[in-house]
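>>> here is the input, now give the coordinates:
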Amino acid sequence: MTRAKDISKILTDADISGTLDVTGNLTVTGSSTFDDIKLTTVALPSAGNPSIALRDTNNIVYHQSGSGNSIVLLDSSQNTMYNVSSNTHIFNTGNSERMRLDDAGLMINTSTAFNHLNGRGDIVVGDGSSNGGMTIFTGSSNQGSIVFADGTSGDQAYRGMIEYDHSNDSMAFKIGVSERLRIQSDGETFLNTTTHHGDASELTIRGAGSNNGGIIELQHNRGSGSNRDFIRFYNSSGGEAGGIEHSSSTGVSYQTSSDYRLKENVSYDFDATTRLKQLKPCRFNFIEEADRTVDGFLAHEVSGVVPEAIGGEKDAVKVWGDGEKLPDGVSVGDNKLDADGNTIPIMQGIDHSKLVPLLVKTIQELEARITALEGA
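Numbers count the residues shown, from 1 in each chain. As a prediction, the model looks like this:
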């Protein structure tokens, strides 16, 4: 066996052909060139044609100069685990490609780059023929995020974000540094706000800025000539309750269900005039509009005459209900209080259109009286 102290002299002064078996460490210095050094005792793949091959207990690494100047890593069964060639890095499990990194970007479970509408897709996940996905794994009380950064604003700046908060199971969408959309675990959704401005609701929308545009704009692209629905309303059993329709090229119709097939115990014999005389029209201004006087009613004064026109109860306030997270010392049914310790009112409302049948019936009764008097 060649002694270790003589190895450097042999490698410097002589050409070596065949196989050099070395026990211990081998150090090569100088400018000598080797066409083939093989430090392994197993055969390499016939397609390998290695110029340098190294083996440890389980893996083989070889440099393949005759085929694209690649570097390849094989496992103990000689399955390809990794290879790099022509600016392409390929990662395999067994002999199946699982990830590729090249000039087009990073591809996972596919070798094909995908260019989206606005340019290149730097990361592509999936093979296009089966289910695919990406997991962001965080703690149960932490947030997972996808951040959209602006390359001109520095490494720490971002222009958008999708964030999932595991502590309360909510999904938030941010534009710039401002949250614009949030979806809670119960489906409650906030648009341009993070709190509702009244009773808990399924959807809360806050207008952007102080512009005079509509908070919600609806447009359909169907032909004119017949009604087109903008919004339909249904009750809990799935029955239609009404809707908002585009009734002509320029008009909107607000519909409440009135089909005779939905009704029973229909009566035309009632005294509308007496009831109408109980209503108390008045003039007033709203507290927030001190300089604007309007005509109308006080809701509680109408509720005894046309109750279907009124929503809510007189002097009602918000209370804590079942299913809400109660503060310490608070029970279901207790009044909710604002930051100043005051009760929070639930305001009554009125639907003036519900007064129309009473007005029409009163006019008919007055017409009948006038006709009777004129014929006397």
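>>> looking at this protein, which helix is longest?
Identified as the longest helix of the chain according to DSSP state H is helix 356-375.
>>> ok, and what's touching that one?
The contact list for helix 356-375, computed with C-beta atoms under 8 Å, 6 or more residues apart in numbering, reads 270-273, 275-276, 305-306. Placement of C-beta: from N, CA and C, glycine included.
>>> among the residues you listed, which are in strands?
In strands, judged by DSSP state E, none of those are found.
>>> now, which of the residues you listed lie within helices?
272-273, 275-276.
>>> show me which pair in those is furthest apart.
Thr273 and Arg275 (7.4 Å; C-beta to C-beta).
>>> nearest residue to Thr343 other than its sequence neighbours?
Once flanking residues are discounted, Thr343 sits nearest to Val317: 4.3 Å by C-beta to C-beta, 6 or more residues apart in numbering.
>>> could you do Lys174 as well?
Met161 (4.3 Å).
>>> so the one you found, which state does it fall into?
strand (DSSP: H, G, I helix; E, B strand; the rest coil).
>>> against Ala172, how distant is it?
Distance, Met161 to Ala172, by C-beta to C-beta, to the nearest Å: 8 Å.
>>> how about Glu202?
Distance of Glu202 to Ala172, given as C-beta to C-beta: 17 Å.
>>> got a list of what the residue nearest to Ile344 when sequence neighbours are not counted touches?
Of all residues not flanking Ile344 in the chain, Lys318 sits nearest, at 4.4 Å (C-beta to C-beta, 6+ apart). Contact analysis of Lys318 by C-beta under 8 Å, 6+ apart lists 199, 335-336, 343-346.
>>> got a ChimeraX select line for the buried ones in the residues you listed?
Buried subset of the contacts of Lys318, written as a ChimeraX selection, criterion 16 or more other C-beta atoms under 10 Å:
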select :346
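>>> from the contacts of Lys318, pick the one nearest Phe284.
Among the contacts of Lys318, and counting by C-beta to C-beta, the member closest to Phe284 is Pro345, at 17.5 Å.
>>> show me what the closest one bridges to in the sheet.
With DSSP bridges applied, Pro345 shows beta-bridge pairing to Val317.
>>> return the set of buried residues in stretch 354-370.
355, 358, 361-362, 365.
>>> quick one: mean pLDDT for that stretch?
When pLDDT is averaged along stretch 354-370, the result is 96.
>>> Met99 belongs to a helix?
No. Counting by three-state DSSP, Met99 is not found in a helix; it is strand.
>>> bridge partners for it, pull those for me.
Counting by DSSP bridges, the residues bridging with Met99 are Phe91, Ile108.
>>> number of residues surrounding the nearest residue to Ile162 once chain neighbours are set aside?
Nearest residue to Ile162 in three dimensions, chain neighbours excluded: Ile146, at 4.6 Å (C-beta to C-beta, 6+ apart). For Ile146, the count of nearby residues is 11 (other C-beta atoms under 10 Å).
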